[in-house]
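Undergrad: Starting from these lines, generate the structure:
(one chain, ligands or ions: 1)
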Amino acid sequence: MRINTLCRRLLPAAIACAVGTSGAVLAADPEEIIEYRQGAMQVTKYHFSTIADMLKGKIEYDQAAVEKHADVVQMMSTLVKDEFPEGTDALAGETGALIDIWDKPDEFADKVAEFEKTASELEDVAESGDRERLAKAVKDVGSSCKACHDDFRQDE
Ligand code: HEC
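TA: Predicted structure coming up:
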């Protein structure tokens with residue numbers, strides 16, 4: 001457990017914890033960061049689900065669009081590791097981020113890495129235009145979203 005998480009738990013009076021808090025965390029408003037990451041997740045969802053909808057035939061398949069959406073998903077996956085700085089937990093604002101993100105940083109990092117890996121594969125496969133491989137890549141990305149949400153996001 002990191003010092004900031006620990007002191008937040010033991011001493012809810014935030015001011016008593018300032019000593020253990022890194023300067024970097026204080027640089028931006030925690031509520032702004034929470035809003036930003038929720039927006040980032042929504043952007044990711046839009047681009048990802050558009051590819052899925054094309055594969056399902058809900059909207060017309062468009063190769064150039066698939067490539068663009070996959071590029072965005074890949075790029076968004078690289079941002080996740082910076083979206084959860086210390087001090088942006090439920091004490092800082094309205095968030096579905098569970099405290100385990102900061103209590104089990106290695107496990108969280110594994111989920112982030114899995115998302116980066118599957119999103120990178122999605123980007124590669126999207127360029128090939130092979131719809132069978134694309135369907136598999138979409139499934140793998142979807143599993144990586146779900147794996148992280150299952151462990152680190154509050155149930156809705
Ligand atoms: C490494 C963990 C992780 C991965 C991977 C991940 N998410 Fe999330 N996601 C979260 C957490 C944690 C929250 C809650 C954020 C908050 O409320 O501050 C969240 C929230 C969301 C939200 C709700 C945002 C809002 O408006 O409150 C959506 C939509 C979402 N994720 C979609 C996705 C999709 C789609 C993927 C995969 C393509 C994905 N996420 C991958 C951890 C993850």
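
Undergrad: Around the ligand, which positions in this structure sit nearby?
TA: Residues of the chain lying near the ligand by C-beta under 6 Å from any ligand atom: 34, 37-38, 41-42, 44-45, 48, 80, 95-97, 111-112, 115, 141, 144-145, 148-149, 152-153. C-beta: built from backbone N, CA, C; applies to glycine.

Undergrad: of those, buried ones?
TA: Those of the residues of the chain next to the ligand that meet the buried threshold are 34, 37, 41, 44, 48, 80, 95, 97, 111-112, 115, 141, 144-145, 148-149, 152-153, by 16 or more other C-beta atoms under 10 Å.

Undergrad: among these, which are in helices?
TA: 34, 37, 41, 44, 48, 111-112, 115, 141, 144-145, 148-149, 152 (DSSP state H).

Undergrad: Contacts only, for the spatially most central residue of the chain.
TA: Using C-alpha atoms, centre = their mean, the residue of the chain that lies closest to the mean C-alpha position is V80, 4.4 Å off. Contact partners of V80, counting by C-beta atoms under 8 Å, 6 or more residues apart in numbering, are A40, V112, F115, E116.

Undergrad: Quick check: the last one touching M75?
TA: Translated: E116. No. Contact criterion C-beta atoms under 8 Å: E116 and M75 do not qualify, at 10.5 Å.

Undergrad: which of these two has more neighbours?
TA: Legend: neighbour count by other C-beta atoms under 10 Å for E116 and M75, higher for E116 (17 against 14).

Undergrad: neighbours around the residue nearest to that one when sequence neighbours are not counted, how many?
TA: Spatial nearest neighbour of E116, excluding adjacent residues (C-beta to C-beta, 6 or more residues apart in numbering): S77 at 4.7 Å. Residues contacting S77 under the criterion other C-beta under 10 Å number 25.
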